[in-house]
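> sequence and predicted structure, then a few things I'm wondering about:
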2 protein chains.
Amino acid sequence: MGLGIKKRTIVERLTAESSMNSGGVVRNLADLFNRRIESPSIRRILLAAVDSFSKTGFHAASTRDIARKAKLSPAAVYVHFHSKEELLYTVVTLMSEWVFDQVSAAARERGRPAERLRRVVQVHVASHAAMRTAMFVSNFEFHSLNAAQRKKILRYRDAIEKLFEDCIRAGCEDGSFHAADIGITKVAVVSLCVSVLNWFSPGGRLSPEQVGDYYADLVLSMLRADPT
Amino acid sequence: MGLGIKKRTIVERLTAESSMNSGGVVRNLADLFNRRIESPSIRRILLAAVDSFSKTGFHAASTRDIARKAKLSPAAVYVHFHSKEELLYTVVTLMSEWVFDQVSAAARERGRPAERLRRVVQVHVASHAAMRTAMFVSNFEFHSLNAAQRKKILRYRDAIEKLFEDCIRAGCEDGSFHAADIGITKVAVVSLCVSVLNWFSPGGRLSPEQVGDYYADLVLSMLRADPT
DNA sequence: GTCTCCGCTAAGCGTTTGCTTATCGAAGCG
DNA sequence: CGCTTCGATAAGCAAACGCTTAGCGGAGAC
């Protein structure tokens, strides 16, 4: 067999189990990692990485700190991951895949454009709010990935944007929506959804689902065609 | 005079010159720094810091790198600044003050709520787009400041949010706007404006002012009262 | 001429960083 | 038993980090 070939990455060995085919919704980050990653040590490392990255940012977080939180020696992290960068890439990949699964499931259900866009916005916002910490890392430490990694993650982001665009375009074509520029409107709507990360608080007045509903109302009134 | 007292910070020595009282609008970041900072060396350091912080984030940026970009020795930075953290704090303060000046000037002009909110949104978005790099640092490296510094910067942010809230509340009271929850609506609108940082590109199809106009349209149709 | 100030630099201190090396012990297997 | 595999560790390396120290050189004051 191939010598000199470096070991496979965690991302390449992820359990191919999505929220679709395995009983019930994902409840939280630990639950999501349980479904996708077999080794308990690797799960602990990734949970610790999310915690460290979210608190201090990728570059300020030390691998020693992550190892300590995972109750392992500093070197044990490198038994499972090639580098600190791969830690971040694994986290971002897991979260990007999950959000894409959530939103595309919402977009698959039939309905009028307004109904479909409502579901897509609601799920997108609620997902970001519910997994606030990990989605924060996935979004705001994205630029610390290398070019090849960024390119792979961008595929998920582009696919999600496409789902939004399809709903908006369908509504414009059947006259229920008005948008002067679909491209700008699309990025404005998506970035509005993501920006819930900047203020949402788990212990706050509203649940993730309630915030999602509210944002869906905002987006629909933003897009509804003039009754004139 | 007081011995043992550490030297004053750059922020404490800023020129008290706002865009109001000194001829014309600020054209770009260098122009803004020229108006507020006397020493050319300090201006070069701050411009270099903005560049480094925006490219790699606060923690990954090295003071040696910043010094090299400013054409100074590494130690020269510490002649003017106590620490790397003070570099960030100075940048964030300058940008936060500037944005607050811009938005509050827009809010001061009289008009119906819809007209005032349109101006406020337009200026807020256009300011972020026009100073994209520095505003990016100001917003996304905010968490690297210490608690006391964050508290001071939050005063500007809260004041800006208040300006938005006043417009929205006035529109709800005179019946021209509809908002089920003014608090959530306010943070959604403000974070929508800020999120232009995530996609705006200086060389793109639209100018900062055009994007501001488009966002103002979006926000107004989001808030306008139902004609039913 | 001498003294003081001030912006600036060369050199380097102490610490922390990401990551490697050599090794261990338990488990699986013929 | 002998051998391999594998998760994990103790120890440490080379590099980079933020920041300090001691001192230089030109300008202004008297």
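Cool, got the structure.

> just give the closest residue to residue A:221, not the sequence neighbours.
Computed as Cβ to Cβ, 6 or more residues apart in numbering or on different chains, the closest residue to residue A:221 that is not its neighbour in sequence is residue B:222, at 5.5 Å. Glycine gets a C-beta too; all of them are placed from N, C-alpha and C.

> meant to ask about residue A:59, not that
Here the residue nearest residue A:59, using Cβ to Cβ, 6+ apart, is residue B:60, at 3.7 Å.

> residue ranges with poor pLDDT in chain A?
By pLDDT under 70, the weakly predicted segments of chain A are A:1-7, A:15-23, A:227-228.

> can you list the residues of it near DNA strand C?
A:61-65, A:74-75, A:78, A:82-85 (Cβ under 7 Å from any atom of the strand).

> apply 10 Å and report the result again.
Contact residues, chain A versus DNA strand C (Cβ under 10 Å from any atom of the strand): A:6, A:52, A:56, A:58-67, A:73-79, A:81-87.

> ok, and which of those reach DNA strand D?
Okay, of the residues of chain A next to DNA strand C touching DNA strand D (Cβ under 10 Å from any atom of the strand), that's A:59, A:63-64, A:67, A:73-79.

> export the residues you listed as TSV, with columns for secondary structure.
What follows is these, written out as TSV (DSSP: H, G, I helix; E, B strand; the rest coil):
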residue	secondary structure
A:59	coil
A:63	helix
A:64	helix
A:67	helix
A:73	coil
A:74	helix
A:75	helix
A:76	helix
A:77	helix
A:78	helix
A:79	helix
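
> quick one: which of these has the most company?
Of all those, residue A:77 has the most neighbours under the rule other Cβ atoms under 10 Å in any protein chain shown, reaching 23 neighbours.

> please name the nearest non-neighbouring residue to that one.
Residue A:77 sits nearest to residue A:67 (Cβ to Cβ, 6+ apart), 5.1 Å away.

> could you measure from the closest residue to residue A:61 other than its chain neighbours over to chain B?
Setting aside the residues directly before and after it, residue A:61 is nearest to residue A:52 in space (Cβ to Cβ, 6+ apart), at 3.9 Å. Distance of residue A:52 to chain B, given as Cβ to the nearest Cβ, to the nearest Å: 12 Å.

> quick one: residue A:52 and residue A:64 touch, right?
No: contact between residue A:52 and residue A:64 fails when scored by Cβ atoms under 8 Å: they sit 10.1 Å apart.

> using CSV, write out every CA atom in stretch A:29-46.
Extracted C-alpha coordinates of stretch A:29-46, given in CSV (Å, rounded to 0.1, in the frame of the first residue of the first chain):
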residue,chain,number,x,y,z
LEU,A,29,-23.6,20.6,19.2
ALA,A,30,-22.7,17.6,21.3
ASP,A,31,-25.5,15.7,19.7
LEU,A,32,-24.4,16.7,16.2
PHE,A,33,-20.8,15.6,16.9
ASN,A,34,-22.1,12.3,18.3
ARG,A,35,-23.8,11.5,15.1
ARG,A,36,-20.9,12.3,12.8
ILE,A,37,-17.8,11.3,14.8
GLU,A,38,-17.1,7.9,16.3
SER,A,39,-14.2,8.5,18.6
PRO,A,40,-15.1,10.1,21.9
SER,A,41,-11.6,11.7,22.2
ILE,A,42,-12.0,13.4,18.8
ARG,A,43,-15.4,14.7,19.8
ARG,A,44,-13.9,16.1,23.0
ILE,A,45,-11.1,17.8,21.1
LEU,A,46,-13.6,19.3,18.6
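
> which residues does it contact?
A:10, A:14-15, A:17, A:19, A:22, A:26, A:47, A:50, A:66-67, A:69-72, A:76-77, A:80-81, A:87, A:90-91, A:94, A:98, A:131, A:133-134 (Cβ atoms under 8 Å, 6 or more residues apart in numbering or on different chains).

> now swap in stretch A:59-68 and tell me
A:45, A:48-49, A:52-53, A:55, A:73-77, A:84, A:87, A:144, B:56-60, B:144.

> and with 7 Å instead?
Contacting residues not belonging to stretch A:59-68 are listed as A:45, A:48-49, A:52-53, A:73-74, A:76-77, A:84, A:144, B:57, B:59-60 [Cβ atoms under 7 Å, 6 or more residues apart in numbering or on different chains].

> just the buried ones from the contacts of stretch A:29-46, in ChimeraX syntax?
Selection of the buried residues among those in ChimeraX, burial being defined by 16 or more other Cβ atoms under 10 Å in any protein chain shown:
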select /A:10,14,19,26,47,50,66,67,70,72,77,80,81,87,90,91,94,98,131,133,134
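
> quickly check: stretch A:29-37 near DNA strand D or not.
No: judged by Cβ under 10 Å from any atom of the strand, stretch A:29-37 makes no contact with DNA strand D; its nearest approach is 12.3 Å.

> quick one: that stretch to chain centroid distance?
Mean C-alpha position of stretch A:29-37 versus that of the full chain (Cα atoms, centre = their mean, to the nearest Å) differs by 14 Å.

> the strands in chain A, which residues?
Ranges of strands in chain A, per DSSP state E: none exist.

> residues of it that sit close to chain B?
A:57, A:59-60, A:140, A:181, A:184, A:187-188, A:191-192, A:194-195, A:198-199, A:214-215, A:218, A:221-222, A:227 (Cβ under 7 Å from any Cβ of the partner chain).

> and the residues you listed, which are buried?
A:57, A:59, A:140, A:184, A:187-188, A:191-192, A:194-195, A:198, A:214-215, A:218, A:221-222.

> output the ones next to DNA strand D among the residues of chain A next to DNA strand C in CSV, with distance to residue A:206 appended to each entry.
Shown next, in CSV, are these (distance: Cβ to Cβ, whole Å):
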residue, distance to residue A:206
A:59, 33
A:63, 37
A:64, 38
A:67, 36
A:73, 42
A:74, 41
A:75, 44
A:76, 40
A:77, 37
A:78, 42
A:79, 42
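
> show me what from chain A comes close to DNA strand D.
A:7, A:38-42, A:44-45, A:59, A:63-64, A:67, A:70-80.
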